[in-house]
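A.B. asks: Take this sequence and fold it.
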Amino acid sequence: MAQKEEIFAQSNAPVSYRSRAEILRMFDGFSLVEPGLIAVTQWHGEEVDRNLDAAGQWWLGGVGRRA
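C.D. replies: Purely as a prediction, here's the structure:
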């Protein structure tokens, strides 16, 4: 991951990898909407062609409502 971060740091779209716990902290003060914090490719519960977006399996996403 460090090598990928170095490459992204040189681009106009820098990326920072975070752990699940670090991402969940961003939702402090919010109630997570179902299905919670999951891989973005699983958000709608539909099968996704893993060959189309293999990286999306590692990206987590969620929606929160202010508590």
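
A.B. asks: can you give me the offset of the helix or strand bottoming out on mean pLDDT in the chain from its chain's centre?
C.D. replies: Here the helix or strand of the chain ranked lowest by mean pLDDT, DSSP states H and E is helix 2-9, holding a mean of 78. Helix 2-9 sits 17 Å away from the centroid of its parent chain (Cα atoms, centre = their mean, to the nearest Å).

A.B. asks: then it to PDB, C-alphas only?
C.D. replies: Listed next in PDB are the C-alpha coordinates belonging to helix 2-9 (Å, rounded to 0.1, in the frame of the first residue of the first chain):
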ATOM      1  CA  ALA A   2       2.800   2.400   0.700                       C
ATOM      2  CA  GLN A   3       4.000   2.100  -2.900                       C
ATOM      3  CA  LYS A   4       0.500   2.900  -4.100                       C
ATOM      4  CA  GLU A   5       0.200   5.900  -1.800                       C
ATOM      5  CA  GLU A   6       3.500   7.200  -3.200                       C
ATOM      6  CA  ILE A   7       2.200   7.000  -6.700                       C
ATOM      7  CA  PHE A   8      -1.100   8.600  -5.800                       C
ATOM      8  CA  ALA A   9       0.700  11.400  -3.900                       C
END
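
A.B. asks: Please enumerate residues in contact with it?
C.D. replies: Defining contact as Cβ atoms under 8 Å, 6 or more residues apart in numbering, one finds that helix 2-9 is touched by 14, 15, 16, 17. Backbone N, C-alpha and C define where each C-beta goes, glycine included.

A.B. asks: what ranges do the strands span in the protein?
C.D. replies: Assigned by DSSP state E, the chain shows strands spanning 30-32, 38-39, 60-61, 64-66.

A.B. asks: so can I have JSON lines of those showing mean neighbour count, distance to residue 7 and mean pLDDT?
C.D. replies: Formatted as JSON lines, those follow (neighbours: other Cβ atoms under 10 Å; distance: least, Cβ to Cβ, whole Å; pLDDT from 0 to 100):
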{"stretch": "strand 30-32", "mean neighbour count": "12", "distance to residue 7": "31", "mean pLDDT": "96"}
{"stretch": "strand 38-39", "mean neighbour count": "14", "distance to residue 7": "22", "mean pLDDT": "88"}
{"stretch": "strand 60-61", "mean neighbour count": "16", "distance to residue 7": "21", "mean pLDDT": "90"}
{"stretch": "strand 64-66", "mean neighbour count": "10", "distance to residue 7": "30", "mean pLDDT": "95"}
